[in-house]
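Student: Coordinates for the following, if possible.
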Amino acid sequence: MTRPEMNVIVGKKIGFAAMGLTALSLSACASAFAPETDARSPLAPEIQQLVDANRRYPRWEDFPKAPTDLPTSEAIASRVASLDSASAGLARERAAIPWTLEDPGGFAESVRSRVEASQPSPATARTVADVEAFAQRLRDRAVAPPPADRFRRPPG
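Tutor: Got it, this is the predicted structure:
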């Protein structure tokens, strides 16, 4: 046996020992996750009653039944085929539409000039500073009234 082969055997032994120690530590740790009810707690009987009542939940009877009115594979295949043919027809119709836009840059410029020629509303023409000043005026006006004196008798 050569030296590298001997090192492989040692590595295997160390690996098996590490796996054994890991399994042992995990099995010792598993009991920490087992919940125990504190008998001194005033809620212990209610909690135990709820746990006992729901210990077997969920049951197979509580799950919804499998649907029975599903379409067959042939019906689905025919629907897919009809959708494919409708898609092909739509593609033919789309290809038949004449493309009249010869100059996209010119079209964009004409739209831009029409937008610039229209008069915006006064609210749209406000700058950010105008909007902030308006908001500040509203905040200044929105001051709570002084508190009412609860110990003063109403006149009359």
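Student: need the next SSE after the lowest-mean-pLDDT helix or strand in the chain, C-terminal direction.
Tutor: Lowest on mean pLDDT, DSSP states H and E among the helices and strands of the chain sits helix 122-125, with a mean of 70. On the C-terminal side of helix 122-125, the nearest following helix or strand under DSSP states H and E is helix 128-141.
Student: Let's test this: mean pLDDT of that next one, rounded?
Tutor: Averaged over helix 128-141, pLDDT sits at 88.
Student: What count of nearby residues applies to Glu74?
Tutor: Counted with other Cβ atoms under 10 Å, the neighbours of Glu74 add up to 8. Any C-beta I mention is one placed from the backbone N, CA and C, and that applies to glycine too.
Student: cool, Arg126 as well?
Tutor: Arg126 has 14 neighbours, counted by other Cβ under 10 Å.
Student: gap between it and Ala133?
Tutor: From Arg126 across to Ala133, the span is 9 Å (Cβ to Cβ, to the nearest Å).
Student: likewise Ala86?
Tutor: Taking Cβ to Cβ, one finds Ala86 at 58 Å from Ala133.
Student: Quickly find the element holding Glu74.
Tutor: Glu74 belongs to helix 73-96, assigned by DSSP H and E.
Student: which of the residues in that helix are buried?
Tutor: Within helix 73-96, no residue counts as buried by 16 or more other Cβ atoms under 10 Å.
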